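Engineer: Take this sequence and fold it.
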Amino acid sequence: MVGAQTPTSRPINLFILTFTNYEGAPEIDWWKEGFVNFLMDYFSNNPDLNVHRINDPATIPNQIKNLSETEITRCYLLTGNYKIIDQKFEVDLELIDINTWRLLQKKNISIQSADMAKIIESVNHGATEVLTPYLIKKAETSVAQEFSSPSQPKKNNSQKAVAASVAISSVIDKFSETHPESAQYEPSFGGTMTNELSLKFGEAIAQTGSFQYTINQIVRNPYKLEISDPLFRRLSANDEIINVTFFINYALSRDLIQDMLTTFPYEIQTKNDEYTEYIFSGKRFAYSEDFIKAIARGDYRTHPVYTFITNTETVACVLIDMPIMYRKNLISSSKVQFTAKYQPLINVTANGWNVVIQLKNTDARAEYNFDISFEQLKNLSRIDVMFLSEADIQEYLKIMN
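Structural biologist: Below you'll find the model as predicted:
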């Protein structure tokens, strides 16, 4: 429990601001309201807290005008921003005293998981951690402070609200700099509360968003790669050009896939010695039309792209492994070489409103060769490996050219 309930303590007013999607990644944008929903539910049965949702900190003065004198002195704002770094979910929480706009506590949460429940649990526990030390102290001291200075004139609620409004207005600009995506205030409408039903709807939407994010992560980093030692051959027509041959072993990265299969509901459609097909039914996920169209368009069909970088950070050569049928709209250049050796071990398709994921049971091996000048070969410093869709490859080649 947050705080210690005593006969003289009063509940604390906690305002939870819509979270900020720090880098604006569209696949995780739904978490902005999702985190607030789950925190509201998490704290709903705590007698020490009155929890409020807000979309804009500038609306707080209007909400606190009707609070009692003691309640106005005990108002706090919980904010959060989040992003993805190297497949880690990073969430930063801050607890702010609304009357002074002083930062009281902050907490960084880092979790490497596609499990929605683990992410929510970590944020809920992090919010509890930033609240507990300060709010227990306030609960123990607030009454003593109230009776220690009986000679001080007390401000009425309107004066308290005006004072809070001034404090808030003075820092709105500063706050906006660190929370650039604060949404506009939206009116709320009364009605019969059906927390259990709304929670189930929220969980379904959150599960869908988490699933789409997981698929996006898998298809763009699907393999553990093993590369062989390179072989070199001089071209008789030009001694300055060297033909390089190397082998790549593709093995599915099973950790994230296993995380997906453990977290989300599915049915096995086909299973044989060659592959297994999993159906993630539209009856269990609220897929958007745009998501289904993106799968049909090939946005979740990726191809390996090998970029050879010199020690001066220039591109010596780009090797793209994709079938000829997908190259028709691509703009090539002298640095780009194409081949068609890769056989994908994962395929994502849409069947009506169902998503079908096919996983091959074996690894794949491909032989690659490309031509490069001796000078560029001598100065190679690294190889960047990406798995990109046809549209992404098209954009990448535009940048290259």
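Engineer: so what's residue 315 up against?
Structural biologist: Contact analysis of residue 315 by Cβ atoms under 8 Å, 6 or more residues apart in numbering lists 307-309, 335, 400. No exception for glycine: its C-beta is placed from N, CA and C like everyone else's.
Engineer: do residue 287 as well
Structural biologist: Contacts of residue 287 by Cβ under 8 Å, 6+ apart are 208, 212, 353, 355.
Engineer: quick one, phi/psi of the last one?
Structural biologist: It stands for residue 355. With angles defined as degrees, to the nearest 10, residue 355 sits at phi -110, psi 130.
Engineer: swap in residue 381?
Structural biologist: phi -120, psi -30.
Engineer: list the contacts for it?
Structural biologist: For residue 381, the contact set (Cβ under 8 Å, 6+ apart) comprises 309-311.
Engineer: go on, residue 248?
Structural biologist: Per Cβ under 8 Å, 6+ apart, neighbours of residue 248: 225-228, 304, 365-366, 368.
Engineer: That one: what secondary structure?
Structural biologist: strand (DSSP: H, G, I helix; E, B strand; the rest coil).
Engineer: Not including adjacent chain positions, what is the nearest residue to it?
Structural biologist: The shortest distance from residue 248 to any non-neighbouring residue, by Cβ to Cβ, 6 or more residues apart in numbering, is to residue 366 (5.2 Å).
Engineer: shouldn't that neighbour be in contact with residue 306?
Structural biologist: No: Residue 366 lies out of contact with residue 306 (Cβ atoms under 8 Å); the separation is 10.9 Å.
Engineer: who has more neighbours, these two?
Structural biologist: Counted by other Cβ atoms under 10 Å, residue 366 and residue 306 do not tie: residue 306 has more neighbours, with 20 against 16.
Engineer: Need the per-residue pLDDT for residue 64.
Structural biologist: We have a pLDDT of 71 for residue 64.
Engineer: Kindly report the same for residue 105.
Structural biologist: On pLDDT, residue 105 comes in at 88.
Engineer: The residue nearest to residue 248 in helix, strand or coil?
Structural biologist: Following three-state DSSP, residue 366 is assigned to strand.
Engineer: who touches it in this structure?
Structural biologist: Neighbour list for residue 366: 247-248, 250, 321, 341-343 [criterion: Cβ under 8 Å, 6+ apart].
Engineer: how far away is it from residue 354?
Structural biologist: Residue 366 sits 31 Å away from residue 354, going by Cβ to Cβ, to the nearest Å.
Engineer: Can I get the buried part of the contacts of residue 366 as one ChimeraX selection?
Structural biologist: Selection of buried members from the contacts of residue 366 for ChimeraX, criterion 16 or more other Cβ atoms under 10 Å:
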select :248,250,321,342
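Engineer: Show me which of the contacts of residue 366 is closest to residue 291.
Structural biologist: residue 342 (25.1 Å; Cβ to Cβ).
Engineer: Shouldn't the closest one be within a strand?
Structural biologist: No: counting by three-state DSSP, residue 342 is not part of a strand but coil.
Engineer: So for residue 182, what's the pLDDT?
Structural biologist: Note on residue 182: pLDDT of 44.
Engineer: Apologies, that question was intended for residue 10.
Structural biologist: pLDDT for residue 10: 66.
Engineer: go on, the one 5 residues further on?
Structural biologist: We have a pLDDT of 90 for residue 15.
Engineer: again with residue 150
Structural biologist: Listed pLDDT for residue 150 reads 43.
Engineer: Over to residue 261?
Structural biologist: Reported pLDDT for residue 261: 92.
Engineer: Now it. Nearest residue, chain neighbours left out?
Structural biologist: Using Cβ to Cβ, 6+ apart, the nearest residue to residue 261 is residue 278, at 7.2 Å.
Engineer: Please give me every residue in contact with that neighbour.
Structural biologist: By Cβ under 8 Å, 6+ apart, residue 278 lies in contact with 261, 266-269, 356-359.
Engineer: buried ones in the helix or strand encompassing it?
Structural biologist: Residue 278 belongs to strand 275-280 when assigned by DSSP states H and E. If you call a residue buried by 16+ other Cβ under 10 Å, then strand 275-280 has these buried ones: 277-280.
Engineer: Please tell me I have it right and residue 208 contacts residue 285.
Structural biologist: Yes: between residue 208 and residue 285 there is a contact under Cβ under 8 Å: 4.5 Å.
Engineer: for residue 338, helix, strand, or coil?
Structural biologist: When classified by three-state DSSP, residue 338 comes out as strand.
Engineer: Identify the bridge partners of it.
Structural biologist: Per DSSP bridges, the residues bridged to residue 338 are residue 320.
Engineer: My guess is it contacts residue 327. True?
Structural biologist: Yes: using Cβ under 8 Å, residue 338 is in contact with residue 327, at 6.4 Å.
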